[in-house]
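**Student:** Predicted model and sequence below, questions to follow.
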Amino acid sequence: MALGFTVFKVKVGQNLEDDRTRCRMVRDVIGYKNIMMVDANQTWDVSQAIEWMKQLAEFKPLWIEEPTSPDDVLGHLAISKALKPLGIGVATGEMCCNRVLFKQFLQSGAMQYCQIDSCRIGGVNEILSVYFMAKKLG
């Protein structure tokens, strides 16, 4: 924070009590004026993601990144709908390899934060099409 950082990401997903302890420690240091995000790296199934994030909601994460299988659009949609009342968005897309998956995520509302891995998606044209879709649909 002394260097000006205001956004922090915490890995979660292996042990709920450890995650709660870690999130509490991070919040104690950064306060609630700074942003905290959590990243599960595809650890959970859909119902587990929802229940786990309900237990972490008190720490006010902006988003949960990669909560479940990266190509499960309907699963992400269920997670997104369940977490919306808690003020938690879903971030995903690093594993998406084409604009069609992004279109499905964006049109359905399954993602609130679009993450593109430009090395995986297949070129500038694919990246630009996702940017335009995210601008229009997001």
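**Tutor:** Arrived safely.
**Student:** where do the strands sit along the protein?
**Tutor:** 7-11, 35-39, 63-65, 89-92, 113-114 (DSSP state E).
**Student:** Which strands or helices does the first one pack on?
**Tutor:** In this structure, strand 7-11 packs against helix 16-30, strand 35-39, with contacts taken as 3 or more Cβ pairs under 8 Å, 6 or more residues apart in numbering; DSSP states H and E. All C-beta atoms are positioned from the backbone trio N, CA, C, and that covers glycine.
**Student:** In JSON lines: the ones you listed, plus mean neighbour count.
**Tutor:** Output for the helices and strands packed on strand 7-11, formatted as JSON lines (neighbours: other Cβ atoms under 10 Å):
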{"stretch": "helix 16-30", "mean neighbour count": "14"}
{"stretch": "strand 35-39", "mean neighbour count": "19"}
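**Student:** Dump the ones you listed into TSV; add mean pLDDT and distance to Asn98 as well.
**Tutor:** Shown next, in TSV, are the helices and strands packed on strand 7-11 (pLDDT from 0 to 100; distance: least, Cβ to Cβ, whole Å):
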stretch	mean pLDDT	distance to Asn98
helix 16-30	98	32
strand 35-39	98	23
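**Student:** that older thread, between the strands of the chain, which one is nearest to Gln48?
**Tutor:** Nearest to Gln48, of all the strands of the chain, is strand 63-65, at 11.7 Å by Cβ to Cβ.
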